[in-house]
Each structure stands twice: as C-alpha cells, then as structure tokens.
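> Would you be able to build a 3D model of this:
(one chain, ligands or ions: 1)
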Amino acid sequence: MFEGLHAVPQDPILAMLASYREDTHPQKIDLGIGVYKNDQGDTPIMRAVQVAEARLLATETTKSYTAPAGSPVYNERVAKLVFGSDHPVLNDKRVVSAQTPGGCGALRMAAEFLRGCNEDSKVWVSTPTWANHMPLLGGAGLEICMYPYYDHDNKNIDFQAMLDALESAVAGDIVLLHGCCHNPSGADLNKEQWHAIADLMERKGLIPFVDMAYQGLGAGIDEDAYGLRMLAARFPEMVAATSCSKNFGLYRERTGTLFIVAATPEQAANAGSQLFSKIRSHYSMPPSHGAAIVETILGDTELSQTWLDELAVMRNRIQGLRQSLVAKIRDSAIDRDFSFIEQQFGMFSFLGITSAQVEALRSQHSIYMIDSSRMNVAGLNDECMDYFVSALGEVLR
Ligand code: PMP
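Predicted coordinates:
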C-alpha cells in the first residue's frame, strides 16, 4: 500500500530553519520562523508561565480525562480576555467556547463545524493569508475564495479591491478576517475599515470568522480585539479562533480557543453540541497542560499583571525594532522608503524586495527570510541592525 507513496516537499520555512542552523556565519540572522524572540534571539518561557507551572505541579491531583470542550474555567477566562469582561454576548450567554489544540485546532474545528452547518458555503480569505489557512479550512471541505488585501506596490491594504471582491460573496458565505497583526503582511484594518466591512457583511448576510493569533502583540490587548468585539456586538452569528501560542509563549503546549456566537442561548447550546461531537471524532479532547497554565494566570490578579507586563515588553520591543529599522534605513545610503514598516503591527512585514534579493541576503549575508520577503521583525536586535541594513543596502544596489 505504501509502495507508491512519494515524499511531500518539505515546508519551506522548516527547510530554511535547517539551513540557518547549519550556517556558521557569526552574524547570521533568522527572520524566518514566526516565533517571538527576545534581544538574545531566544524564545524564553514567560515568568508568569513558570510560576503557574510550578503551582500546577504542586497542586495537580489527576491526569484523568477532561472533556471535548476542555476546561470550562479556561474557556470562561479566555472568553473574557478575548471579548472583554462585560461583552453583551457573554452576558447574554450566546457564546459557546471550546479549548482547542492551538489556534490551528480552533481553525480546523471551526471549519468542520461550519461545513456541517452548510456544505455549500464558501470561506473567503485574504490575498495573501497565512499559508496554513488553506489546508486547515480547505481540508474540512470548505471551498476557499480569495479577496485582495495587501497591495505590494502601495505597501498597504487595497481596501476598495477587498470590498469590491466581497460584493460577489453570497448570503451564508464566511469571511475570514485576521483580528490583528495580519500574517504575513502586518497591515491591519483600521476602525473605519472594520465598520465598513461589517456594513458589507451585514448587508449581504455573510458570516464573520475572525482568526486572532496575536492578541496583545499589536497595539494592546483591547485595541487588538477591537474588530472581533465590534463584530460580536453587531452580528447574530460569528466564529472566532484564538491562540495562546504567541501571547503566552505556549507554542508547543497547543493552547487555543474556538468561540461560536449564536443568536440565542439555545442556539449556542445546540451549536456547542454539534461542535463537541465533531471534536470527539477528531481528537476527542484537547491537551490540558497549556490551558491549565493560562487558566492559572488569568485567575490570579498578581500573575495576570506579571503576564501583562511581560507581554507589553514584547509588544514594545517589536514596535521599537520597527521604528529603529526604519530610522537606520533612512540614515543609510538606501534611497527607498521603508516607512510602512513602522505603520504595521505584529511580528511580520513584507520587506518588499524581490525573491532574488531575498536569496542574495541568504547566500551572501546569511540573513534568512522566506522568499516572499516576509520577515519576522522580532528576529532583529540592536546588535545586528547595522549589519542587516548594510546587507540590505548591498542587495538593493
Ligand atoms: N493563525 C495565524 C494567522 C497564525 O499566524 C498562527 C500561528 N502561526 C495561528 C493561527 C495558529 O497558531 P497555533 O496553532 O500555533 O496556535
């Protein structure tokens, strides 16, 4: 049976990471893989997480099964973080939540659920979007349509083209929007644009689907959730997938959440029963450890503050790097405007150079980023910034 199998090409980001590790250049820089890094280039365990883990180790009494929805306490605390503690949909009990194996688990189960609701509905995703959206959503059987989003020439969102494309969506279609820190472009909708999209979706009977994997890493916890909270307040039905991978640094612990907002508490309960049965047939129930950490942090005022402070350090570091990169390029011999980098949010931006120039950065300067020129800004630091800018100058010459 396995004789005729051929190997799937390696994920380009993982292949690049392997070459980076083998590279012996003393000034090599990894701007590829999408994890947060500190000044030393490390992705450390957050202090709040360490304290919560120590507490769990001392107090946990069982490893018995949980449930397809995971921990109800985790679900409740994360719902408050995502929607805000006093959101009408929470007060009205119109949200059903499931702890999931990371944001990926939430996205896939959302797609399974939505396909179960209507097997003909399509999901609209931005061009470009995070590459994994396609297999996660398409793999559940949803048809994928694309709407224009990032305009590489203007280094900004082509909002009119986005609206025009969504005019051809039909009632019941789903629109995937990045809650904040758009991956891969870093270009986020402003408030006015969020409202205009909401108007269009309302008028056409489209279902909002928000993927928020970077809450707190853009402009702030509440600021980053603006669009998601506004849509939840306006629409009778929506779905949202969130992740604790980046903002709690829990990547490998696989900690995420899926929220389904329904028109009434009864409909939410029915939607939940459909969702939990899908979860049961996929992975039965989510892993517990990461969610137990998050639940511990969010249930303790002091630990929550420690976590918020650490998150602010991460967010400010990313914004600071964006500003100093733009300033250093401005002060260099490079005669090209890169100021868009400081207007964007989160870890990613397209540098906007050609794939040949990306290749030259890699082969001549040991600077690694993916071919599209998406760079992880957090991979930079004050020490390597001058080297990076001078290498960029050389490949642009
Ligand atoms: N959505 C987006 C846009 C992402 O960038 C990521 C992480 N790269 C995720 C979802 C999910 O991540 P995870 O499954 O690791 O929580």
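
> Look up the pLDDT of the closest residue in space to K28 that isn't next to it in sequence for me, please.
For K28, ignoring the flanking residues on the chain, the nearest one in space by Cβ to Cβ, 6 or more residues apart in numbering is S366 at 3.8 Å. In this view, the C-beta of every residue, glycine as well, is placed from N, C-alpha and C. Note on S366: pLDDT of 98.

> now do P9
pLDDT, read off for P9, is 86.

> Looks to me like it is in a strand.
No. P9: not assigned to a strand; according to DSSP: H, G, I helix; E, B strand; the rest coil it is coil.

> now the helices for the stretch 251-397 of the chain?
265-282, 289-298, 301-331, 340-343, 355-365, 382-396 (DSSP state H, counting those that start in this stretch).

> Relative to the ligand, which of these is closest?
helix 289-298 (9.6 Å; Cβ to the nearest ligand atom).

> what's the average pLDDT for that closest one?
98.

> How about it, which residues are buried there?
Residues of helix 289-298 classed as buried by neighbour count (16 or more other Cβ atoms under 10 Å): G290, A291, A292, I293, V294, E295, T296, I297, L298.

> cool, stretch 326-344 as well?
Of the residues in stretch 326-344, those buried (16+ other Cβ under 10 Å) are V326, K328, I329, I334, F338, F340, I341, E342, Q344.

> Just say which of the helices of the stretch 251-397 of the chain is most tucked in.
helix 289-298 (a mean of 24; mean count of other Cβ atoms under 10 Å).

> tell me what that helix is packed against?
With contacts taken as 3 or more Cβ pairs under 8 Å, 6 or more residues apart in numbering; DSSP states H and E, helix 289-298 sits against helix 47-59, helix 72-83, helix 301-331.

> Could I get those in a markdown table, plus columns for mean pLDDT and distance to the ligand?
Output for the helices and strands packed on helix 289-298, formatted as a markdown table (pLDDT from 0 to 100; distance: least, Cβ to the nearest ligand atom, whole Å):
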| stretch | mean pLDDT | distance to the ligand |
| --- | --- | --- |
| helix 47-59 | 98 | 15 |
| helix 72-83 | 98 | 13 |
| helix 301-331 | 98 | 14 |
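
> who in the stretch 101-250 of the chain is up against the ligand?
Listed as neighbours of the ligand in the stretch 101-250 of the chain under the rule Cβ under 6 Å from any ligand atom: G102, G103, C104, W130, H178, N183, D211, A213, S243, S245.

> Between the residues you listed, identify the one with the most neighbours.
Neighbour tally across those (other Cβ atoms under 10 Å): the maximum, 28 neighbours, falls on D211.

> For that one, which residues count as its bridge partners?
H178, A241 (DSSP bridges).

> for it, what are its contacts?
Applying Cβ atoms under 8 Å, 6 or more residues apart in numbering to D211 gives the contacts G103, L107, W130, H133, L176, L177, H178, G179, A240, A241.

> now do 10 Å
Applying Cβ atoms under 10 Å, 6 or more residues apart in numbering to D211 gives the contacts 103, 106-107, 110, 125, 129-130, 133, 136-137, 176-180, 182-183, 228, 239-243.

> what about stretch 186-194, start to end distance?
16 Å (Cα to Cα, to the nearest Å).

> Now do the buried residues in it.
Buried-residue list, stretch 186-194, by 16+ other Cβ under 10 Å: G186, A187, D188, L189, W194.

> Looking at the residues you listed, spot the one nearest I29.
Proximity of the buried residues of stretch 186-194 to I29, judged by Cβ to Cβ, is greatest for G186, which lies at 18.2 Å.

> was I right about that closest one contacting M347?
Yes. With contacts counted by Cβ atoms under 10 Å, G186 reaches M347, the gap being 7.8 Å.

> okay, and the common contacts of these two?
With Cβ under 10 Å, 6+ apart, G186 and M347 have common neighbours G218, I318, R322, R374, M375, V377.

> What is the neighbour count of E223?
14.

> Now do it against the ligand, distance only.
For E223, the distance to the ligand (Cβ to the nearest ligand atom, to the nearest Å) stands at 18 Å.

> Now the phi/psi pair for L200, please.
Taking degrees, to the nearest 10, you get phi -60, psi -50 for the backbone angles of L200.

> surely it meets S168?
No. The pair L200 / S168 is not scored as a contact, 11.3 Å apart, by Cβ under 10 Å.

> Compare those two and say which is more crowded by neighbours.
Taking neighbours as other Cβ under 10 Å, L200 and S168 compare with L200 leading, 16 against 11.
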